[in-house]
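# based on what follows, work out the 3D shape:
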Amino acid sequence: MKPKNRIVSNRIVRHFRIRKRVAGAGVRPRLCVFRSHQHLEAQIIDDFEQKTLIGTSTRSEEFKKAAGLKSFSNVKAAVEFGKFVAKKAKASGIEKVVFDRAGYLYHGRVKAFADAAREGGLSF
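Residues are numbered from 1 along each chain as shown. Reported below is the predicted structural model:
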């Protein structure tokens, strides 16, 4: 896989470095976040069984109805999405997770998402 530019390649290197240490088990699955220019996606993954337990995005109709926002590419939307993911995880019986920022720097929308997920009841 050849990255398009230096920023993308640096993120991929950081992601591999993080994934060496971060693994989700059945008791404590991995919460992985993907950030694009306009949206966020989150998955809760059990790495040992190689299954995605919960997967959602800011593009999903369920989130759009719950949030009632016009733009999904800002910190406010990331906060709402973090609360939404935490609520969905709690409904599935998941309370403890390992946070995987996927090589993204921990600031802005990624940090807002993580803080909101903690406020929503997830512990990591």
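
# ok, now which ones touch residue 123?
95-97 (C-beta atoms under 8 Å, 6 or more residues apart in numbering). Any C-beta I mention is one placed from the backbone N, CA and C, and that applies to glycine too.

# and the longest helix along the chain, what other elements does it pack with?
In terms of residue count, the longest helix belonging to the chain (DSSP state H) is helix 75-91. Helix 75-91 makes packing contacts with strand 40-46, strand 51-57, helix 61-67, helix 109-119 when contacts are defined by 3 or more C-beta pairs under 8 Å, 6 or more residues apart in numbering; DSSP states H and E.

# dump those to JSON lines, plus mean pLDDT, mean neighbour count and distance to residue 6.
Listed next are those as JSON lines, based on pLDDT from 0 to 100; neighbours: other C-beta atoms under 10 Å; distance: least, C-beta to C-beta, whole Å:
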{"stretch": "strand 40-46", "mean pLDDT": "95", "mean neighbour count": "21", "distance to residue 6": "23"}
{"stretch": "strand 51-57", "mean pLDDT": "95", "mean neighbour count": "15", "distance to residue 6": "27"}
{"stretch": "helix 61-67", "mean pLDDT": "92", "mean neighbour count": "13", "distance to residue 6": "32"}
{"stretch": "helix 109-119", "mean pLDDT": "97", "mean neighbour count": "19", "distance to residue 6": "20"}
